[in-house]
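Student: Quick one, fold the following:
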Amino acid sequence: QVQLVESGGGLVQAGGSLRLSCAASGRTFNSYTMAWFRQAPGKEREFVAAIRWSGGSTYYADFVKGRFTISMDNAKNTVYLQMNSLKPEDTAIYYCAARPPSGIGRFTSSKTYEHWGQGTQVTVSS
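Tutor: Below you'll find the predicted structure:
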């Protein structure tokens, strides 16, 4: 059974940094795409960043380019999201997600991901 467990959220002042972790277990994730999404109150879940487990290609939403970095540690089966220069509008619940290689559709769409973590709250104060 696939499990994704996020950690690392919290309260930080604007301009600060946080690093989120997503520990994945339950299967081999070779060829999977791992991603971070976020959802703010009253808004739809939106794509933040993704990384291909095989090869390590990365992709980012425009609003986080230059500020966030997605990475992975194969030995630990863990995906990270380093968030720098945080803004109040980054406040949201951040979710880790896994999409199999058979996934159809845009990898930026939450509907194409099969497995989700429980989420971790990130709050950025002004």
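Student: And the host helix or strand of Ala97, what does it pack against?
Tutor: Using DSSP states H and E, the element containing Ala97 is strand 92-99. With contacts taken as 3 or more Cβ pairs under 8 Å, 6 or more residues apart in numbering; DSSP states H and E, strand 92-99 sits against strand 3-7, strand 18-25, strand 33-39, strand 115-116, strand 120-125. Bear in mind the C-beta positions are built from the backbone N, C-alpha and C, glycine included.
Student: just the ones you listed: most buried one?
Tutor: strand 33-39 (a mean of 23; mean count of other Cβ atoms under 10 Å).
Student: could you point out which element follows that one?
Tutor: The helix or strand immediately downstream of strand 33-39 is strand 46-52, counting by DSSP H and E.
Student: Just the CA coordinates for that following strand, please, in CSV.
Tutor: Provided in CSV are the C-alpha atoms of strand 46-52 (Å, rounded to 0.1, in the frame of the first residue of the first chain):
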residue,chain,number,x,y,z
GLU,A,46,-2.9,24.0,-7.7
PHE,A,47,0.3,22.6,-9.1
VAL,A,48,3.5,23.8,-7.5
ALA,A,49,6.4,21.6,-8.7
ALA,A,50,7.1,18.1,-10.0
ILE,A,51,10.1,15.8,-10.4
ARG,A,52,10.5,12.6,-12.4
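Student: contacting residues around it?
Tutor: Contacts with strand 46-52, where a contact means Cβ atoms under 8 Å, 6 or more residues apart in numbering, come from 31-39, 57-61, 64, 68-72, 79, 81, 94, 107-110.
Student: what separates the very next helix or strand once past that strand from the chain centre, distance-wise?
Tutor: Using DSSP H and E, the helix or strand that directly follows strand 46-52 along the chain is strand 58-60. Mean C-alpha position of strand 58-60 versus that of the full chain (Cα atoms, centre = their mean, to the nearest Å) differs by 11 Å.
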